[in-house]
Structure formats: C-alpha cells, structure tokens
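# predicted model follows, preceded by the sequence.
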Amino acid sequence: MKYLRLITKNLGRNKRRTVLTILSVSVSVFLLATMQAIIAALGGISNLTGGEYRVIVRRNTSIADSMPEAYRQKIEQVPGVVAACPSNWFGGIYKEDKPKYTFAQFYVDPKALFEVQFEMQISPEEKAAFQQERTAAIAGKKLADKYGWKVGDVIDLKGAIYPLDPRLTLRGIYTGPSETNFYFHREYVEEAFGRPGRVGQYRVRIDSPGSAAGVMEEIDRMFQNSAAPTKTETEAAFAAGFISMLGNVKGLISGIGLIVVFTITLIGANTMAMSARERFTEVAVMKALGFRPGVILSLMLSESVLIALIGGVLAAIAAKVVFQFVGLGDVLALFLQNFKITPGTIAIALGASALIGLVSGGIPAWNAARIRIVDGLRRVA
C-alpha cells in the first residue's frame, strides 16, 4: 500500500494513452461478459422449470409451418398425455417497431394454457376474467413491470405477420417461468381470419417425465403418413432447436471471445512496452536509490493490472446498465430465457481483466526490472 500513490501518479503520466487503453480493455471485456452470459444461458436451456412434464409438437419441416387444428383431439388420446394447448406466435408491434418494445406474444386456448403451463401462478379472479372475455389477455409480471401495465389496461398491437391489429384488455398478471410472455385468445384471431384452423405448435403436458419417449414416438407415428408430418420433442430440445439452427453457437462465441481477449492483450502489451521504454532512465535512478528489481517488477505489473481492472469494472457496469436497465436483456430473453448478467459472469469478466493486465505487462515489466543501472542512465527513451 505504501507504493499506491506512486502507482497512481504513474498512471497519469500520459493521460490520453491511459484512457484509451482503459476504454480498449473495457470494450473487449464487455463483449466477453456478453458472450459468457449467452453461453451460460445456452447451458441452462435444459433446466427449464417444469419443462420435463411437457413435449412440443411441431411440423417436421420447419417451426414456421403449421398443422391442422384437428390434430389436437388425436394427441389428447395418446396414452400419457394429460392436456394439449394449441399455440401460435403472433409477433405484433407494440407502440413502435423497436427492440425495447419487442416481447413474446402467443394466441392460445385460454383454458388449456393453465393445464399445460401448470407452473403459472395467477389469482382465480384474474384467471376467470381472462378465460371468459374473448378480447382479454394476460402478461408475465416482468413484462407488466417493464411497461408499467396494470390489470384493466388496454394493449394495442399492430400485426406484423398477420393482417390483424388486436385491441386487448389486460385481465391478469401471472408469475412463474417465462414472465416475459404475453397471451391472448386463439378464438379471437381465428374468428378474425375466418377460422383457418391452423396451429403453429402444440404444447403437450404429460403425466410423468418417464412417459416422454413413448408419447413422442406415438404422436409422430400417428401423423407420419399425413399431409403434415410432425416432430415431437421435449421442451428443452425445442428451445435448443432455435439455437442449433445457427450452428455451433457455443464454439463460435468462445472462439470470438478468445480472439478478442488475445487482441486486447497485444494492444495492452504494446502500451506497457512504450511506457517501460520511456522510463528506463527513471528505473535506473530508482535502482541507484536502492529499489530492488522485485519491487520495480511489482510496481510496473501493478500499473498494468490496475489499468485493466478499471476497464473491467467499467465493462461490468456497462453490461448491467445495458442489459438490465436499458432493456436489451429482455430482447435476448425472447430466445434465451435464462439470459442475465450474473455475479459469476462479472467475476469472470474481472478475472479476464486481471489476466490481460498481467500478461500484457509481464514482459515489459520483466525487461525493465532487469536493466542495469549504467545502461538505463545513458539510454534515451
């Protein structure tokens, strides 16, 4: 601690260079924290609460293709099936077509929804109001809190995929998994379109996780020779399917993260090498005054690590602000339900910052500590 003032004074020796180095580290660590949060969210897809009691039925060609509504009755007759809820993605625009106003919207069977999504918690009065009113809707608590919605508010959506602009009344706010979702009546949309009877997916509740394999096999066998063959998979596999369409995302993100850290380490090493060259004479004077090589090495390494850690702290603050308070995290949560900047992610980011400081400052500090007094006194930076 007795050398802290000396370290901080040296950081201000070239303020512009120090600030630019801190910003470089900050940007790289921000990207690293974001990538780490995405990887953690991908790893948590298989741990969705209650998902082991559900399977998803969709077309085997693409998640964008639909199935006949008549499939529901046949699915419900399969042994092991408790209930089936038809569900379609609506994708309407709320207020403006901007990321901060984007959220997951589904039109569903209002009664079957609670049978299948049994973890949803909502008061009996709000549940009854939602089920009885054709223009009613419910929203997750996180979504309602984000927009300041209250029960009784009117929510206007503008159709982006479908030529329909629903005017809906919020009749309930639920808690539980997927609190960023918004649900309204399938009957409302079907009537507006002349009852086409097409379903994007069936969310199916099963009696036990052990029944999943048999139920999936039986459903797909039942429709394999129909005009719309199905692919039935667990909820975790269905969620992971969105990501797998992009290829090996985890490997790609990890590779980019390593490249970013390596590049910033080189930039930091160049900065510290420039600083060390400028201070060879100063180091020689310090040695002549009795400073040991180990002390000089520690001082220069401390400067490098401190610069990197300041950048890491700024990056952690920026990640929290951007993804938690600005709302970009909610947009990513549409596809990655577990996406968030956790204390673990911040710890990894700060650890990476310290590593960048150690590696980038190591060789310049080592060279400076080894310089002979006579060589340093006659050397010009």
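Great, that's in hand.
# what segments of the stretch 101-250 of the chain are strands?
Secondary structure of the stretch 101-250 of the chain by DSSP state E, counting those that start in this stretch: the strands cover 104-108, 136-140, 154-158, 167-174, 181-185, 198-199, 201-206, 230-234.
# what residues does the third one touch?
The contact list for strand 154-158, computed with C-beta atoms under 8 Å, 6 or more residues apart in numbering, reads 90, 92-94, 105, 137, 139, 149, 165-170, 182. Yep, even glycine has a C-beta here, placed from its N, CA and C like the rest.
# listing partners with orientation, what would you give for that strand?
strand 93-94 (antiparallel), strand 167-174 (antiparallel) (DSSP bridges).
# about what we covered before: for the strands of the stretch 101-250 of the chain, give me a markdown table that also has mean pLDDT, distance to Ser62 and mean neighbour count.
Below are those laid out as a markdown table (pLDDT from 0 to 100; distance: least, C-beta to C-beta, whole Å; neighbours: other C-beta atoms under 10 Å):
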| stretch | mean pLDDT | distance to Ser62 | mean neighbour count |
| --- | --- | --- | --- |
| strand 104-108 | 93 | 18 | 22 |
| strand 136-140 | 96 | 27 | 25 |
| strand 154-158 | 95 | 24 | 15 |
| strand 167-174 | 96 | 28 | 21 |
| strand 181-185 | 95 | 22 | 24 |
| strand 198-199 | 94 | 14 | 20 |
| strand 201-206 | 95 | 11 | 23 |
| strand 230-234 | 92 | 10 | 21 |
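# turn these into TSV, including distance to Thr8.
Listed next are those as TSV, based on distance: least, C-beta to C-beta, whole Å:
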stretch	distance to Thr8
strand 104-108	49
strand 136-140	47
strand 154-158	54
strand 167-174	51
strand 181-185	50
strand 198-199	65
strand 201-206	58
strand 230-234	55
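# circling back: which one of the contacts of strand 154-158 is nearest Ala112?
Distance to Ala112, by C-beta to C-beta, is smallest for Ala137 among those, at 16.0 Å.
# I'd guessed the closest one sits against Tyr183; true?
Yes - contact criterion C-beta atoms under 8 Å: Ala137 and Tyr183 qualify, at 6.4 Å.
# before we move on, the earlier item: go through the strands of the stretch 101-250 of the chain and name the closest to Pro343.
Closest of these to Pro343 is strand 136-140, at 23.9 Å (criterion: C-beta to C-beta).
# neighbouring strands - and their directions - for that closest one?
Its sheet considered, strand 136-140 pairs with strand 167-174 (parallel), strand 181-185 (antiparallel) by DSSP bridges.
# and of these, who's closest to Ile264?
In terms of C-beta to C-beta, the element of the strands paired with strand 136-140 nearest to Ile264 is strand 181-185, at 38.1 Å.
# thinking again about what came up before, got JSON lines for the strands paired with strand 136-140, with distance to Val321 too?
Listed next are those as JSON lines, based on distance: least, C-beta to C-beta, whole Å:
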{"stretch": "strand 167-174", "distance to Val321": "26"}
{"stretch": "strand 181-185", "distance to Val321": "25"}
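# for Phe323, find the nearest of these.
Per C-beta to C-beta, nearest to Phe323 of those: strand 181-185, 18.9 Å.
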